[in-house]
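Asker: Generate coordinates for the sequence data below:
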Amino acid sequence: MGSTAGSTPAGIAAAMDRALTLAARGPAHGPNPRVGCVLLAPDGTVIGEGWHRGAGTPHAEVAALHDAHTRGCDPRGATAVVTLEPCNHTGRTGPCAQALVDAGITDVVHAIDDPGARSGGGADHLRAHGIRVTSEVRAAAALELVHHWHHAVTAGRPWVTLKTATTLDGRVAASDGTSKWITGPEAREHAHSVRAQVDAIAVTTGTALADDPALTARTPDGGLAAHQPLRVVVGHRDLPPGARLRDDDAETLHLRTHDVHHVLAALHDREIRHLLVEGGPALATALLAADAVDELHAYIAPVILGDGRPAVAPFGVTTLAAAPRWHTTDTHRLGDDILVVARRTPATEA
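Answerer: Just a heads-up that it's a prediction; the model follows:
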């Protein structure tokens, strides 16, 4: 039958922790959130577990119900502990709320509400069918797990991570234009691991023409990662026929605009939840000016140039008090380089 978690508050919390662990097995990229589900029998025994493996695959609740049946367990009268409110719409798969109703589940505990205009409302559907619903168990951890998706759904645009690779004095290239390589191999390997987790990666036509980047995600041995982000080129100029961005290693989208709001809207329409911006300074500056940067990945090398191209151009800040601020969430030493990860500071905290 499986292990006993207990139906006490402590047992429910333990089951939610397990559901969060299961959810983290799902892909960080893609249009759908990572979700985990644990089914508890009335005596607190775990009778089924599941997680969402990506768009088009069964949702966590359905996967957990299938697991229960595989174990020979009857889910009638069970409690479903889920990291996200069960969905209430038919998309690539059917509504999870109805699947729980049909299975005879009597209690549902979820960590956070589903903010989707189409997918939300599952809790109300469950209550209408006599199922007891409890929420906000391990809510902070659940929100952190899906914060890219949650932001994209609520804000109507992708979560934007701005990546810079600079010298100690903030330069991305020397005065003669050379920029390979400011950071070392460990930092570049880490940057590829980030690429493999995002939905899209953007550069300007200027960067594309100057550097001829592939914008692919690579494994440490140099091979292509299993997931490749959508490559986005922003700007009006054409890419030459032999550009690496025209190869078949990943899809490329050319947005012939300089309007970052149009860029973000177009990507949102394609269900892009997490956008990584790598270059160049013009795009970084435009996004900063539009207050559309949610996270910074600043790779800093112990190099000083004294001159050369800066990471960003002026974008209207004339006094320190007006400068946008982020709070540091993590730091990593990568060989001789340092990575600072920071997120925007809400206005109420500034």
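Asker: which residues sit against whichever helix or strand residue 110 is part of?
Answerer: Secondary structure here is read from DSSP states H and E; on that basis residue 110 sits in strand 107-112. Around strand 107-112, the neighbours that count as contacts under Cβ atoms under 8 Å, 6 or more residues apart in numbering are 12, 15-16, 19-20, 78-86, 100, 123, 126, 131-139, 141-143, 146, 150. The way it works is simple: take the backbone N, C-alpha and C, and place the C-beta from them, glycine included.
Asker: The closest residue to residue 103 other than its chain neighbours and residue 100, how far apart?
Answerer: Nearest non-adjacent residue to residue 103, counting by Cβ to Cβ, 6 or more residues apart in numbering: residue 75, 4.6 Å away. Separation of residue 75 from residue 100 (Cβ to Cβ, to the nearest Å) stands at 9 Å.
Asker: How about residues contacting stretch 227-242?
Answerer: Counting by Cβ under 8 Å, 6+ apart, stretch 227-242 makes contact with 27, 29, 195-206, 208-209, 215-217, 245-246, 249-258, 260, 263, 267, 270, 272, 275-276, 283, all of which sit outside it.
Asker: Pull out the buried residues from those.
Answerer: The neighbour-count test (16 or more other Cβ atoms under 10 Å) applied to the contacts of stretch 227-242 identifies 27, 29, 195-206, 208-209, 215-217, 245, 250, 252-255, 260, 263, 267, 272, 275-276, 283 as buried.
Asker: Just these: which are in strands?
Answerer: Those of the buried ones among the contacts of stretch 227-242 mapping onto strands are 200, 201, 202, 203, 204, 252, 253, 254, 255, 275, 276, per DSSP state E.
Asker: Just list the residues touching residue 55, thanks.
Answerer: Residues in contact with residue 55, defined by Cβ under 8 Å, 6+ apart, are 30, 31, 32, 92.
Asker: quick revisit: out of the ones in strands among the buried ones among the contacts of stretch 227-242, which two are the most distant from each other?
Answerer: Based on Cβ to Cβ, the longest span within these runs between 254 and 276 and measures 17.2 Å.
Asker: Tell me if the residue nearest to residue 103 really is in a strand.
Answerer: No: judged by DSSP: H, G, I helix; E, B strand; the rest coil, residue 75 forms no part of a strand; its state is coil.
Asker: Check what pLDDT it gets.
Answerer: According to the per-residue confidence, residue 75 scores 95 in pLDDT.
Asker: buried sites along stretch 150-170?
Answerer: So for stretch 150-170, counting by 16+ other Cβ under 10 Å, buried means 150-153, 157-167.
Asker: ok, now which ones touch residue 17?
Answerer: Here residue 17 is in contact with residue 138 (Cβ under 8 Å, 6+ apart).
Asker: likewise residue 226?
Answerer: Under the contact definition (Cβ under 8 Å, 6+ apart), the residues listed for residue 226 are residue 196.
Asker: Distance check, the residue lying closest to residue 94 once chain neighbours are set aside against residue 69.
Answerer: Spatially, and ignoring its direct neighbours in sequence, residue 94 is nearest to residue 62 (7.8 Å; Cβ to Cβ, 6+ apart). If you measure residue 62 against residue 69 using Cβ to Cβ, the figure is 11 Å.
Asker: can you tell me the helix or strand for the residue nearest to residue 250 when sequence neighbours are not counted?
Answerer: With Cβ to Cβ, 6+ apart as the measure, residue 228 is the residue that lies nearest to residue 250, at 3.8 Å, once sequence neighbours are left out. Assigned by DSSP H and E, residue 228 belongs to neither a helix nor a strand.
Asker: what about residue 228, distance to residue 199?
Answerer: Counting by Cβ to Cβ, the gap from residue 228 to residue 199 is 10 Å.
Asker: Count the neighbours of the residue nearest to residue 250 for me.
Answerer: When neighbours are defined as other Cβ atoms under 10 Å, residue 228 has 18 of them.
Asker: just to revisit the earlier point, for PyMOL, write a command that selects the buried ones of the contacts of strand 107-112.
Answerer: What follows is the PyMOL syntax selecting those of these that are buried according to 16+ other Cβ under 10 Å:
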select buried, resi 12+15+16+19+20+78+79+80+81+82+83+84+85+86+100+123+126+131+133+137+138+142+146+150
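Asker: Which ones among the contacts of strand 107-112 lie within strands?
Answerer: When the contacts of strand 107-112 are checked against strands (DSSP E), the matches are 79, 80, 81, 82, 83, 84, 132, 133, 134, 135.
Asker: Between the residues you listed, which sits nearest residue 117?
Answerer: Of all the ones in strands among the contacts of strand 107-112, the one sitting nearest residue 117 is residue 84; the distance, using Cβ to Cβ, is 15.2 Å.
Asker: Report pLDDT for the closest residue to that closest one other than its chain neighbours.
Answerer: For residue 84, the nearest residue in space outside its immediate sequence neighbours is residue 35; the separation is 4.8 Å by Cβ to Cβ, 6+ apart. pLDDT for residue 35: 97.
Asker: Ok, residue 5 next?
Answerer: With respect to pLDDT, residue 5 has a value of 46.
Asker: Next, the contact list for the closest residue to residue 149 other than its chain neighbours, please.
Answerer: Leaving aside its sequence neighbours, residue 149 sits nearest to residue 33 (Cβ to Cβ, 6+ apart; 4.3 Å). Neighbouring residues of residue 33 by Cβ under 8 Å, 6+ apart: 52, 84, 145, 146, 149, 150.
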